[in-house]
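S.K.: Mind looking at a prediction? Sequence and model below.
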Amino acid sequence: MTQENAKAYWKENISTILKLLVIWFIVSYGAGILFINQLNSIEISGVKLGFWFAQQGSIYVFVILIFVYAKLMNKIDEKYDVHE
């Protein structure tokens, strides 16, 4: 791999990580703290949505983002021919 390809690879990798972290921040901090009053007006099976996001929703989103990251990194690895 050339130096130019290595820089492009890591730039795309860091960009992907930052995008996923922003999504996680919005879900965990935004839905769990900032928008909790608006989300608590919605109830699903007797549980307020803001409470659910604060307690469990952000964890579920984090696990989903792990799988999304793995899938995106596989595509990036193939693009730069560094896959296994």
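M.R.: The structure has been received and is ready for your questions. Numbers count the residues shown, from 1 in each chain.
S.K.: Can you tell me the element residue 83 falls in?
M.R.: Assigned by DSSP states H and E, residue 83 falls within no helix or strand.
S.K.: Now the residue nearest the centre of the chain: closest residue in space that isn't a chain neighbour?
M.R.: Closest residue to the average C-alpha location of the chain: residue 20 at 3.4 Å, with Cα atoms, centre = their mean. Nearest non-adjacent residue to residue 20, counting by Cβ to Cβ, 6 or more residues apart in numbering: residue 65, 4.9 Å away. Yep, even glycine has a C-beta here, placed from its N, CA and C like the rest.
S.K.: what residues does the host helix or strand of the one you found touch?
M.R.: Element membership for residue 65, per DSSP H and E: helix 58-79. Contacts with helix 58-79, where a contact means Cβ atoms under 8 Å, 6 or more residues apart in numbering, come from 9, 12-13, 16-17, 20, 23-24, 27-28, 31-32, 83-84.
S.K.: Show me those that map onto helices.
M.R.: Among those, the members found in helices (DSSP state H) are 9, 12-13, 16-17, 20, 23-24.
S.K.: Selection in ChimeraX covering whichever of those are buried, please.
M.R.: Buried residues among the ones in helices among the contacts of helix 58-79 (16 or more other Cβ atoms under 10 Å), as a ChimeraX selection:
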select :9,12,13,16,20
